[in-house]
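Trainee: structure of the sequence below:
(one chain, ligands or ions: 3)
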Amino acid sequence: MWREVRTRLGRIGAGGDSRMRRSAVAPIVLVIVFAVVCVIVAVQWSAYRADDVALHQERQLFARAIAQRRGFILRDIESIVASDNAVDRLSNSFDWTWVHDRVGLRLKNYFDQSHVFVVDSSDRFVYAMAGRSSVDPKWFGTATADLAPVIDAVRGRPSPLKPEDVETSRTQTGAPLPRPAHASRVQMFIGRPAIVAAVAVSGTSRMRLPNQPPIVLSVTYLRDKFLGAMSRRLELPHLRITGLTTPVGQDNTFDLYDEAGRPLARFAWTPKRPGAEIIRNVMPFLGIALAAFVLLTSLVVRYMRRTEATIAAGEDQMRHLAMHDALSGLPNRTFFGERLAELIEEVRRSGHTAAVLSIDLDRFKEVNDTLGHLIGDALIRTVGQRLARLLRGSDLVARLGGDEFAVIAPDVGELGDLQTLADRIIAALRAPYAVMGHTLAIGASIGITSITRETGEVADIMRRADVALYRAKNEGRNRACIYDAAMDADLRERKEMERDLKDAIEYNDLMIAYQPLVGPSGETMVGVEALCRWHHPTLGEIPPAKFIPVAEHSELIIPLGEWVLRQACLEAKAWPALTLAVNVSPLQFRRPDFVKVVARILAETGFPPERLELELTESTLVGNVEEAGTAMRELKALGVQFALDDFGTGYSSLLYLRTFPFDKLKIDRSFVRNIENAADSAAIVHAVVSLGRGLGMKVTAEGVETAEQHLFLRAAGVHSLQGFRFGRPGTALDITARLLKQADAGPRTLAPIASLAG
Ligand code: C2E
Ligand code: MG
Ligand code: MG
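Mentor: Ligands and ions are numbered 1, 2, ... in the order given. Have a look, this model is predicted:
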C-alpha cells in the first residue's frame, strides 16, 4: 500500500516535473534555434550579396574593357593617320601601296583589326582589306553601308552616335583641336558584333587638307582573339558569346547594346563566386559555434534537469513529511482527510459502499505513562506495522494522533465483512508486544461507519465513526461497534446528562449516601464511605457508574468531587467515632491545587483530618509517581489517611504499594464475590491480606454479601468489612440512627459468627 501511495504521489510529481521542464527548456531551445537560423541566414545573405556585387563588378569591368578597347583602336588608327605623310599619301595623291602596307597591313598585323577601310573626301570607299589582302570595297557589298553612321559622325553630320563617342577636329568656334576628328561605336557588321572606329586623316598645320579629309575606318570583331585576350586579362573563365535567349545557368552575362538600346550580343562567362568562398570560410566557424550552442544547450538542460530533479525530490519529501506521521510513517490526518474526501466523491459517483474504521488503543496511555515515551513510541510504530500488514492494498491506514488510528476501506461488501475485519484488527493489536525488553499488552476499540451516497462530508463521517467508537469503549472496550442512528441518540442523551449534572452540582441536587465499614466481627461500625447519589428530576436515580464517567469526561468531576468532600465532612462531623472515606477521581487528584483544596475544605468544615480517608485507585498513580507521592505526603502531614480502592482490578503493583504511603488496601468486591466458588480468588484474598499486613497496612474487604464471605474474610484476617451484609449505603440520618442503636446495645461478643461457626 505504501508503495502505491508513494507511486501515486510520485506520479503527480513526475507529470508536473516534465511539464515544468518542457516549459523551461522550450524557450531556451527556441532562442538558440532562432539564433542559429539568424546566423545561417546572415551568412547566406552576405554570400548572396557578395556574389551579387561580384557579378555586377565583373559586368562593369567587361563594359569598361570594351570602352577601353575602343579608345585603343582609335589611338592605333590615329598613330598612323595623324601624320603629314599620311595626308600626303591618302589625300593629295592616293598611294595604294603605301595605304596597303602602312595602313591596312599595319593595323591588321600590329593592332589586330579585322577590316580596314579608307573613304575619300567624297565618302567613297577607296580601300578595303579583308583578311590580310586588299579587296575591292565592293566585295563587302551593302555591308559598307553599315559604316555610314560612323562616317557621318566624323564628318560632323547628324548620326545616331552618342556625342561622347564622337570628336570633331574643330571646336564650335572653328579653332582647330590637337586631335583629329574621330568616332567609334559598337554595332553589328556582317552579322557579328564589332567595334567600328573611324579617324579623319590630319597632319600638321602646314599641310593643306581638303574640307573633308579622307577617313580611315577599322572594324574589330568582338570574337575569338578579343574574347581570349579579355578572358585572360579580366580573369573571366569560359568567356564566350551566346545567343540573346540561350540559357546560361549560373554563368554571369553582359549584354551589349547599341546607342538606340537594341541588343547586339550577349557575353557569358563563369563568374567568381565569393559568396561560396565566404560560406566555405565561415562554415567551420559556424559549425564550431553550432556545436558550442548544442553543447551549451545540453549542459543547460542537464543542469536544469538535475536542479529540477533535486527540487522535485525535495518537494516529494516535503509532501511526504506534510502528509505522513513522523513517528509511524503512516499517512497523517491531512492525508487521511484528503483521501476520505476523494472516496466520498467516488462513492457518490459509483454508488458502492465504503467504510471508515476509527481505532483507539486501550491502555496505551498507561504504557506511555508508566514505561516512558520511548517505549510508547516504539509501541505506536509496531501497532502501525501490524495494521499496515493486516490490511489490503487498497485500504488506507492512518495515524490521526496519539493512540488514534483510522482505516479507510474503499470497497466493502457487507457489514458482516467489516465486523470480521475489525475483529481481525482487534485480535492483531491485542497480541502481546515485545518492546525493548518489555512484554506489553494493550487493547483496541473500533468504531465503524459505512460511507454511502446518503452519508455526508468528511466531518460527518468522522463524527459517526467516533460515536461508534465511543460506544465500543463504553461497552467494555476491545470490541467494534458499527454506527447506527440510535447511537446519536445515546450521545445526545449523554450530552443532556452532562448539562443536567452541571445543574445538579450548581443547584445542590446531589446527595451523599454513606455505606458503613464494620470491624471484623461485623458488629461495630468503624467508618463510612461517602458515595455520591443523583436523583434526576425525570430519570430518577442515576447510578454513579453512569454519571461519574460523564463527570470525568466533562471535567465536572472537579466541582462534583469538591462538593462531595465538603458535604461529607460537614455531615460526618457528627460521627466522631467513624472514619470518613471519600472517593477521589484521578482527574481530581492530579490537579496541582488538590492538596490546597482538601486542606481548605478541612479548615472550612473543621473536620479532623485524621478521620478523613481518601480512596484512590491505581490509575490515579500511573504515570504520576512523583507528583502523586508528593501530594500524598503533604496530605499525610496534615493527618489525612489513604486507601487503595478496588485493589486487584488494576495493575496490583507491589511497587505502588511500596512507593506510596497507603494506610489501607481495599480488596475489590469481584474477589470477594468469588471466594466461595473460585479457589484462586480465595488464594488471592489470602495473599492480599498477608501482603497488606506485611506492609503495615489495614485491609478492608468490599462487597461482602454473605455470611460465608464474612467468615472467610474474618478468618483471613481483614481489618474491616464493607458490603450489603453490613449495611447498604444510606442517608446521614441512617448512620446517625445506627450509631445511636450501636451505643445502646453496647459492646457485644461475636455471637453471629460463633453461631455460624457452630
Ligand atoms: P467504590 O468506591 O468501590 O464504591 C463501592 C461501590 O460498591 C458502591 O457502589 C457500593 O454501593 C457498592 N457496594 C457496596 N457493597 C456492595 C455489595 O455488597 N454488593 C454490591 N454489588 N455492591 C456493593 P456505587 O455507590 O454505585 O458506586 C460505584 C462507584 O462509583 C464507586 O465504587 C466509586 O468508584 C464511584 N463513586 C461513587 N461516588 C463517588 C464520588 O463521590 N466520587 C468519585 N470520584 N467516585 C464515586
Ligand atoms: Mg470507594
Ligand atoms: Mg471499591
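Trainee: which residues sit against the helix or strand containing residue 407?
Mentor: According to DSSP states H and E, residue 407 maps onto strand 404-409. Outside strand 404-409, the residues that touch it by C-beta atoms under 8 Å, 6 or more residues apart in numbering are 330, 336, 339-340, 343, 354-361, 383-384, 387, 391-392, 395-400, 418, 421, 425, 465. All C-beta atoms are positioned from the backbone trio N, CA, C, and that covers glycine.
Trainee: same check on stretch 31-51?
Mentor: By C-beta under 8 Å, 6+ apart, stretch 31-51 touches 271, 273-276, 278-279, 282, 286, 289-290, 293, 296-297.
Trainee: now do the buried residues in stretch 295-304.
Mentor: By 16 or more other C-beta atoms under 10 Å, the buried positions in stretch 295-304 come out as residue 297.
Trainee: err, stretch 595-610, not the other one
Mentor: 595, 597, 598, 599, 601, 602, 605, 607, 609.
Trainee: residues touching it, excluding its own?
Mentor: Residues from elsewhere that reach stretch 595-610 (C-beta under 8 Å, 6+ apart): 562, 565-566, 569-570, 572-573, 580, 591, 612, 614, 631, 634-635, 638-641.
Trainee: quick one: is that stretch near ligand 1?
Mentor: No - Stretch 595-610 stays clear of ligand 1 (C-beta under 6 Å from any ligand atom), getting no nearer than 13.5 Å.
Trainee: how far away from the center of its chain is that stretch?
Mentor: Centre-to-centre, stretch 595-610 and its host chain are 65 Å apart (C-alpha atoms, centre = their mean, to the nearest Å).
Trainee: and if you look at stretch 644-654?
Mentor: 56 Å.
Trainee: list the contacts of that stretch.
Mentor: With contact meaning C-beta under 8 Å, 6+ apart, stretch 644-654 is reached by 366, 583, 615-619, 622, 656-657, 660, 662, 664-668, 670-671, 684, 688, 691, 702.
Trainee: just the CA coordinates for that stretch, please, in PDB.
Mentor: In PDB, the C-alpha atoms belonging to stretch 644-654 read as follows (Å, rounded to 0.1, in the frame of the first residue of the first chain):
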ATOM      1  CA  LEU A 644      -6.100   2.000  47.700                       C
ATOM      2  CA  ASP A 645      -9.500   1.200  46.300                       C
ATOM      3  CA  ASP A 646     -10.600  -1.700  44.100                       C
ATOM      4  CA  PHE A 647      -7.200  -3.400  44.700                       C
ATOM      5  CA  GLY A 648      -6.900  -6.300  42.300                       C
ATOM      6  CA  THR A 649      -8.700  -4.900  39.300                       C
ATOM      7  CA  GLY A 650      -5.900  -2.700  38.100                       C
ATOM      8  CA  TYR A 651      -2.100  -3.300  38.000                       C
ATOM      9  CA  SER A 652      -2.000  -4.700  41.500                       C
ATOM     10  CA  SER A 653       1.500  -3.400  41.500                       C
ATOM     11  CA  LEU A 654       3.700  -4.100  44.500                       C
END
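Trainee: can you pull the buried residues of it?
Mentor: Buried positions in stretch 644-654, judged by neighbour count with 16+ other C-beta under 10 Å: 644, 645, 646, 647, 648, 650.
Trainee: the third one: which element?
Mentor: Put plainly, it is residue 646. Per DSSP H and E: strand 641-647 holds residue 646.
Trainee: quickly run through the sheet partners of that strand, with directions.
Mentor: strand 612-616 (parallel), strand 664-667 (parallel) (DSSP bridges).
Trainee: alpha carbons of the longest one, as PDB, please.
Mentor: Extracted as PDB, the C-alpha positions of strand 612-616 are listed here (Å, rounded to 0.1, in the frame of the first residue of the first chain):
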ATOM      1  CA  LEU A 612     -10.600  11.500  56.600                       C
ATOM      2  CA  GLU A 613      -9.600   8.600  54.400                       C
ATOM      3  CA  LEU A 614      -9.100   9.400  50.700                       C
ATOM      4  CA  GLU A 615      -9.800   6.500  48.300                       C
ATOM      5  CA  LEU A 616      -7.500   6.400  45.300                       C
END
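Trainee: any residue of it up close to ligand 2?
Mentor: Yes - residues of strand 612-616 contacting ligand 2 under C-beta under 5 Å from the ion: residue 615.
Trainee: again with the shortest one
Mentor: No - contact between strand 664-667 and ligand 2 is absent, the nearest approach being 6.7 Å (criterion: C-beta under 5 Å from the ion).
Trainee: tell me the domain boundaries of the chain?
Mentor: For the chain, the structural domains run 61-246+257-267, 296-322, 324-484, 511-531+543-753, going by automatic domain parsing.
Trainee: so which residues of the stretch 51-200 of the chain form strands?
Mentor: Secondary structure of the stretch 51-200 of the chain (DSSP state E, counting those that start in this stretch): strands at 115-119, 125-130, 133-135, 166-167, 182-189, 192-200.
Trainee: just put these in CSV and tack on distance to residue 534 and mean neighbour count.
Mentor: What follows is the strands of the stretch 51-200 of the chain, written out as CSV (distance: least, C-beta to C-beta, whole Å; neighbours: other C-beta atoms under 10 Å):
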stretch, distance to residue 534, mean neighbour count
strand 115-119, 151, 25
strand 125-130, 155, 20
strand 133-135, 159, 15
strand 166-167, 145, 19
strand 182-189, 138, 23
strand 192-200, 138, 25
